[in-house]
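Chemist: prediction below, plus the sequence it came from.
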Amino acid sequence: METSKIIKNEIIKNITKTHDLPIYVYDEKTLLEAVKKITNFPNTYGLTPRYAMKALSTTAILQLFDKLGLHFDASSGYEVERAILIGIAPEKIQLTSQEMPNNLKELVEKGVIFNATSLFQLESYGKLFSNTNISIRINPGMGSGHVKRVNVGGPSSSFGIWKDDIPKAKKIAKNYNLKITKLHTHVGSGTDPEIWKKTAKLSLDTVKLFPNVHTLNLGGGFKVAHSDYEKTTDIQNTGDVIKDIFTEFYKKTGRKIKLEIEPGNYLVTRSGILITKIIDKNYTGENGYNFIKINSGITEVTRPAIYGSIHSMYIINNEENKDTKTENVLVVGHCCESGDILTPKINDPEGLQPVELNKSKIGDYLIIENVGGYCSSMSFGNYNSFPKAEELLLQKNGKIKVIRKRQTMEQIIQNDIMN
């Protein structure tokens with residue numbers, strides 16, 4: 001399996017000598033490169049890049065992106081509060097959530113931008129804030145993604161006001177004297193520029209129905225390859241396609257529409273590795289499999305179990321080993337859970353697909369790559385009472401910085417009520 005190896009083996013081995021495993025390590029240089037590409041995303045009439053903070057919400061990462069000028073997309077009221085608590089200005093945060101927070105009034109009064117994702121949310125906002133501006137999310141009737149579970153557009157998706165309900169949305173806005181000034185849409189993860197072209201055209205056609213809209217948010221979903229089985233979105237090419245559509249819209253309507261995008265995966269995924277230790281090996285006969293068991297799994301990386309995602313991985317031998325032989329193995333986690341598999345068939349979480357890795361022994365290290373996005377923040381933390389893993393940042397000056405401590409047992413049970 002091909003790997004990128006963004007962090008040198010020597011650095012990884014040094015980390016294993018001083019820190020408990022498993023452990024996440026993020027490379028600051030890779031983060032900075034990704035931010036540069038996103039902030040230079042082609043546009044004609046202005047750009048606001050928002051980081052989808054659900055991808056990786058560790059404080060040090062959020063503060064780094066804040067310092068670099070990114071705005072933020074929050075998927076819950078709790079994410080909004082988290083961002084404000086660590087010093088991010090409320091006016092840099094847009095809330096687009098399935099569950100409308102009970103303290104929405106308080107958050108909006110602080111300056112948070114609310115993006116209504118349903119007719120109910122739009123009316124609820126109108127009751128609180130009549131005679132104001134509002135952003136709404138529209139389900140354009142189409143979506144994209146490598147599996148259905150990452151497709152957030154089309155008739156099988158509950159995200160956004162259905163395209164045929166636009167007249168109802170306009171009626172609600174009129175009833176509360178709301179001015180719809182921003183539109184939001186999101187089709188899911190994909191690399192095909194033609195999908196983005198269709199989405200931009202479809203979304204701008206919707207903009208025509210709202211004369212006061214000045215900003216269109218096309219969401220995120222810029223695909224990042226987690227292994228050599230996948231492709232990474234060509235940001236420049238995709239941006240050029242979208243830019244041309246916005247320019248064409250201006251020529252036809254005289255309206256200069258500002259662009260917003262909200263990548264999550266694209267900004268953080270490639271920066272992260274997970275260092276794990278091989279704790280056991282098993283064999284189930286000629287018609288079975290060779291297993292490698294590691295001291296991690298769905299407690300740190302759930303994407304294989306949920307989506308059938310494949311992450312590139314490689315072995316670092318604990319001792320000097322010049323043996324170049326390989327073996328086909330299934331990599332499994334440490335949970336007492338049959339679904340704790342890190343090598344499923346691609347896009348099939350219930351399938352099994354052995355991978356070819358260098359021969360290993362118990363005590364060697366297995367490195368899982370591209371875990372910056374939707375791993376730490378989406379893990380099955382504390383399942384089987386395993387503590388949440390520590391997180392490190394490899395700074396651009398070469399120094400290692402702890403950005404989240406390993407959880408203790410006392411912290412795991414601290415909110416339990418004792419008899």
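Modeler: That came in fine, so what should we check first?

Chemist: ok, which stretches of the protein are helices?
Modeler: Remark: helices assigned in the chain by DSSP state H are 9-18, 28-39, 59-67, 77-85, 104-110, 119-128, 166-175, 193-207, 235-253, 265-268, 303-307, 409-412.

Chemist: out of the ones you listed, which is closest to Lys92?
Modeler: Shortest distance between Lys92 and those, using Cβ to Cβ, is found for helix 59-67: 7.3 Å. Heads up, the C-betas are built off the backbone N, CA and C, glycines and all.

Chemist: tell me the mean pLDDT over the closest one?
Modeler: Taken as a whole, helix 59-67 has a mean pLDDT of 98.

Chemist: for stretch 381-398, same thing?
Modeler: 97.

Chemist: quick one: the longest strand belonging to the chain to helix 9-18, angle?
Modeler: With DSSP state E applied, the strand covering the greatest number of residues in the chain is identified as strand 272-283. Regarding strand 272-283 and helix 9-18, their directions subtend 70 degrees when assessed with axes from the mean of the first three to the mean of the last three Cα atoms, to 10 degrees.

Chemist: mean pLDDT lowest where, among the helices of the chain?
Modeler: Lowest mean pLDDT within these: helix 193-207, a mean of 87.

Chemist: now the longest strand of the chain: buried residues?
Modeler: Going by neighbour count (16 or more other Cβ atoms under 10 Å), the buried part of strand 272-283 is 272-278.

Chemist: most tightly packed of the helices of the chain?
Modeler: Here the criterion is mean neighbour count by mean count of other Cβ atoms under 10 Å, and of the helices of the chain the winner is helix 265-268, at a mean of 28.

Chemist: what lines up beside the longest strand of the chain in the sheet?
Modeler: As defined by DSSP bridges, the strand partners of strand 272-283 come to strand 23-27 (antiparallel), strand 290-294 (antiparallel), strand 365-369 (antiparallel).

Chemist: circling back to that earlier point, among the buried residues of strand 272-283, which two are most distant?
Modeler: Pairwise distances across the buried residues of strand 272-283 peak at 20.0 Å for Gly272 and Ile278 (criterion: Cβ to Cβ).

Chemist: neighbours of Thr58, how many?
Modeler: Taking other Cβ atoms under 10 Å as the criterion, the count of residues near Thr58 is 18.

Chemist: any idea how far Ile15 is from Leu274?
Modeler: 11 Å (Cβ to Cβ, to the nearest Å).

Chemist: counting neighbours, what do you get for Ile362?
Modeler: By other Cβ under 10 Å, 12 other residues sit near Ile362.

Chemist: I misspoke; the intended subject was Ser130.
Modeler: Every residue meeting other Cβ under 10 Å relative to Ser130 is counted, giving 11.

Chemist: which residue comes closest to it once chain neighbours are left out?
Modeler: What sits nearest to Ser130 in space, not counting adjacent residues and going by Cβ to Cβ, 6 or more residues apart in numbering, is Tyr176, at 4.3 Å.

Chemist: hang on, isn't the one you found packed against Lys127?
Modeler: Yes: counting by Cβ atoms under 8 Å, Tyr176 does reach Lys127; the two are 7.1 Å apart.

Chemist: quick one, grab the pLDDT at the residue nearest to Leu202 when sequence neighbours are not counted.
Modeler: Among residues not flanking Leu202 along the chain, Pro140 sits closest, at 4.9 Å (Cβ to Cβ, 6+ apart). In this model, Pro140 is scored at 81, pLDDT.

Chemist: separation between Pro140 and Ala116?
Modeler: Relative to Ala116, Pro140 is positioned 16 Å away (Cβ to Cβ).

Chemist: those two: which has the busier surroundings?
Modeler: Ala116 (28 against 21).

Chemist: that one is in contact with Leu128, isn't it?
Modeler: No: using Cβ under 8 Å, Ala116 is not in contact with Leu128; the gap is 11.4 Å.

Chemist: Ile6 reaches Glu28, doesn't it?
Modeler: No: counting by Cβ under 8 Å, Ile6 does not reach Glu28; the two are 10.7 Å apart.

Chemist: in contact with Lys251, which residues?
Modeler: In this structure, Lys251 makes contact with no residue, judged by Cβ atoms under 8 Å, 6 or more residues apart in numbering.

Chemist: need the contact list for the nearest residue to Val402 once chain neighbours are set aside.
Modeler: In space, Val402 comes closest to Leu392 once its chain neighbours are excluded; the distance is 5.9 Å by Cβ to Cβ, 6+ apart. With contact taken as Cβ under 8 Å, 6+ apart, Leu392 is in contact with 15, 19, 23-26, 400-403.

Chemist: hmm, 10 Å instead?
Modeler: Neighbour list for Leu392: 7, 15, 19, 23-27, 60, 273, 275, 400-404 [criterion: Cβ atoms under 10 Å, 6 or more residues apart in numbering].

Chemist: what is the burial count for the nearest residue to Gly363 once chain neighbours are set aside?
Modeler: Spatial nearest neighbour of Gly363, excluding adjacent residues (Cβ to Cβ, 6+ apart): Asn318 at 4.8 Å. By other Cβ under 10 Å, the residues close to Asn318 number 16.

Chemist: domains of the chain?
Modeler: If you go by automatic domain parsing, the domain ranges for the chain are 9-25+270-407, 41-263.

Chemist: distance from the last one to the middle of the chain?
Modeler: A distance of 14 Å separates the C-alpha centroid of domain 41-263 from that of its chain, computed with Cα atoms, centre = their mean, to the nearest Å.
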